[in-house]
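K.L.:
what follows is a predicted protein model with its sequence.
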There are 2 protein chains.
Amino acid sequence: MPRPLNLEDRIAKLRQFYRHEKRVPSYSEMMDLFGYHSKNAVYGLIRRLQEYGYVTRSGGKIGFTSKLIGSIRLLGAVQAGFPSPAEEELVDVLSLDEFLVQKPEATFMLTVTGDSMIDAGIHPGDIVLVEKGGTIRKGDIVVAQVDGEWTIKYFGKDKQGAYLDPANSAYKRIRPKESLTIGGKVKASVRKYAS
Amino acid sequence: MPRPLNLEDRIAKLRQFYRHEKRVPSYSEMMDLFGYHSKNAVYGLIRRLQEYGYVTRSGGKIGFTSKLIGSIRLLGAVQAGFPSPAEEELVDVLSLDEFLVQKPEATFMLTVTGDSMIDAGIHPGDIVLVEKGGTIRKGDIVVAQVDGEWTIKYFGKDKQGAYLDPANSAYKRIRPKESLTIGGKVKASVRKYAS
DNA sequence: CTTGTAACTGAACGAACGTTCAGTTATGGT
DNA sequence: ACCATAACTGAACGTTCGTTCAGTTACAAG
């Protein structure tokens, strides 16, 4: 067998470079980065990384996938415990953007006000990712304008027409008197803790 | 006044290119992309984009910032309503990764099991972003191993020592009998809706 | 210890890169 | 209608790019 090529170090260094420079290093820059003395060494390494899905190539140019750019290490099994530094190499890396957003050009961020969805675990101050367009189904959480005011509620429909349900027993079902405009469908909710 | 240069179109096109190719286009590629007949036109455009914080430059090479790469359009004022297609130009764009993750190399994703934090709006099936290391303060939500088992709870401390509090009245305060290992601090929680 | 193999070296190549310069064109304000 | 101004054209430049090739080196399995 030939010499082993430890990808882990190299990948870590590429991540580091990208975070600093916000761009993909050139072959000669990678030469320095990895301590190679030949550009062809880089060439081979990149081909490997491409096989494993870390980089893409188009038009003789290199692009990094979310496996390199992404910032979150995903842990498959939860109850299995927490990773020790030694076994961290195995986990997959992804980007939250890619994970949560399917249509970037149609997705917005909204800060939630009011407690009408609190039983659905959506608290005031939470952030909600809303996708415009697409079909709305019964049971979807939507951002809607009823009679001039914007709210976030469960969407429903029956023989009397469309209605909006809060997730809070203190409020009751809303039936639009005049107008109902659906702004979009809630695809995800996010809460950021201060500390 | 000289000719106006409509940045919006160009920025949209750069976004599109980046999503497809996962890399920054070269000057000549941008020439085609924007319909220019001179590379110098691109040169000037890039200088503008750099001023506005869309691109970075290092070593004669271009990098895209999260303003270009990011996938979420941020709406500052919520109750103000939903943006019409016409006014969408004004809003800022950011990346969820950058927004939620401060230390990418120390942050993990965990899927929540169990309902012990349900009153804090953390439901089973939710995803939690955990940052390893750093100081833990009273009131922080932590991922911890008590007497061999991993859980997610509020962290607290008094004269009897450290304890863990659930956010569910059906469960009660936990005091570690033998061991307590803090895996990390919960920095954010995320829920993704299926549809 | 030998041998197969893939990681690497080092040099070379044309192509494409980002940048510069002098000049032209379109546009909004006066 | 004119002018100031910045967007743009078009050509040129040295530099650096990604790729190729023939040859060398280090490792692991038999």
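P.N.:
Looks like it came in fine. Numbering: from 1, shown residues only, chains lettered A, B, ... in the order given.
K.L.:
so A:R48 is in contact with A:N6, correct?
P.N.:
No: A:R48 is not in contact with A:N6 according to CB atoms under 8 Å; the separation is 11.2 Å. Yep, even glycine has a C-beta here, placed from its N, CA and C like the rest.
K.L.:
so where is chain A shaky, pLDDT-wise?
P.N.:
Counting by pLDDT under 70, the ranges of chain A that qualify are A:1-5, A:75-91.
K.L.:
returning to that earlier point: which one's more surrounded, A:R48 and A:N6?
P.N.:
Comparing A:R48 with A:N6 by neighbour count (other CB atoms under 10 Å in any protein chain shown), the higher total belongs to A:R48, at 13 against 8.
K.L.:
and the longest helix that chain A contains, how far from the chain's centre?
P.N.:
In chain A, with assignment by DSSP state H, the single longest helix is helix A:7-21. Relative to the centre of its chain, helix A:7-21 is centred 21 Å away, using CA atoms, centre = their mean, to the nearest Å.
K.L.:
am I right that A:L164 is in a strand?
P.N.:
Yes: the assignment for A:L164, made by DSSP: H, G, I helix; E, B strand; the rest coil, places it in a strand.
K.L.:
tally of neighbours for it?
P.N.:
In terms of burial, A:L164 registers 22 neighbours under the definition other CB under 10 Å.
K.L.:
now do the contacts for it.
P.N.:
Contact partners of A:L164, counting by CB atoms under 8 Å, 6 or more residues apart in numbering or on different chains, are A:142, A:144, A:146, A:151, A:153-156, A:173-176, A:180.
K.L.:
and A:F155, by the same measure?
P.N.:
A:136-142, A:144, A:162, A:164-165, A:182.
K.L.:
who does it form a beta bridge with?
P.N.:
Here A:F155 sits in beta bridges with A:L164, going by DSSP bridges.
K.L.:
quick one: it from chain B, how far?
P.N.:
Between A:F155 and chain B the distance is 11 Å, computed by CB to the nearest CB, to the nearest Å.
K.L.:
the longest strand in chain A is where?
P.N.:
Of all the segments of type strand in chain A, defined by DSSP state E, the longest one is strand A:180-192.
K.L.:
tell me which residues in that strand are buried?
P.N.:
Taking 16 or more other CB atoms under 10 Å in any protein chain shown as the basis for neighbour counts, the residues of strand A:180-192 that come out buried are A:180, A:182-191.
K.L.:
that strand - contacts with which helices or strands?
P.N.:
Counting contacts by 3 or more CB pairs under 8 Å, 6 or more residues apart in numbering or on different chains; DSSP states H and E, the secondary-structure elements packed against strand A:180-192 are helix A:96-100, strand A:127-131, strand A:141-146, strand A:149-158, helix B:96-100, strand B:180-192.
K.L.:
mind putting those into CSV with distance to DNA strand C?
P.N.:
Listed next are these as CSV, based on distance: least, CB to the nearest atom of the strand, whole Å:
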stretch, distance to DNA strand C
helix A:96-100, 25
strand A:127-131, 33
strand A:141-146, 35
strand A:149-158, 35
helix B:96-100, 24
strand B:180-192, 34
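K.L.:
of these, which approaches A:K22 most closely?
P.N.:
A:K22 lies closest, by CB to CB, to one member of the helices and strands packed on strand A:180-192: helix B:96-100, at 10.9 Å.
K.L.:
how does chain A divide into domains?
P.N.:
In the domain annotation for chain A, the residue ranges read A:7-97, A:104-190 (automatic domain parsing).
K.L.:
those: which one's closest to DNA strand D?
P.N.:
domain A:7-97 (3.0 Å; CB to the nearest atom of the strand).
K.L.:
can you check the distance spanned by that closest one, start to finish?
P.N.:
Terminal residues of domain A:7-97 are spaced 25 Å apart (CA to CA, to the nearest Å).
K.L.:
same deal with stretch A:93-109?
P.N.:
From the first residue to the last, stretch A:93-109 extends over 24 Å; the measure is CA to CA.
K.L.:
cool, stretch A:170-189 as well?
P.N.:
Termini of stretch A:170-189 sit 22 Å apart (CA to CA).
K.L.:
can you count the residues close to A:V101?
P.N.:
The burial count assigned to A:V101 is 22, neighbours taken as other CB under 10 Å.
K.L.:
could you do A:D147 as well?
P.N.:
A count of nearby residues for A:D147, using other CB under 10 Å, gives 12.
K.L.:
which secondary structure element is home to A:R47?
P.N.:
For A:R47, the enclosing helix or strand under DSSP states H and E is helix A:39-51.
K.L.:
ok, residues contacting the next helix-or-strand element following that helix?
P.N.:
Downstream of helix A:39-51, the first helix or strand assigned by DSSP H and E is strand A:55-58. For strand A:55-58, the external contacting residues (CB under 8 Å, 6+ apart) are A:46, A:49-50, A:62-65, A:68, B:21-23.
K.L.:
so does the helix holding A:R47 get close to DNA strand C?
P.N.:
Yes: using CB under 7 Å from any atom of the strand, a contact is recorded between helix A:39-51 and DNA strand C, made by A:39-41, A:44-45, A:48.
K.L.:
that older thread, flag every buried residue along whichever helix or strand comes after the longest helix of chain A.
P.N.:
Counting by DSSP H and E, the element after helix A:7-21 in chain order, helix or strand, is helix A:27-34. Using 16+ other CB under 10 Å as the test for burial, helix A:27-34 gives A:27, A:29-31, A:34.
K.L.:
dump those residues into a markdown table; add distance to A:I127 as well.
P.N.:
As requested, the buried residues of helix A:27-34 are arranged in a markdown table below (distance: CB to CB, whole Å):
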| residue | distance to A:I127 |
| --- | --- |
| A:Y27 | 40 |
| A:E29 | 37 |
| A:M30 | 37 |
| A:M31 | 42 |
| A:F34 | 39 |
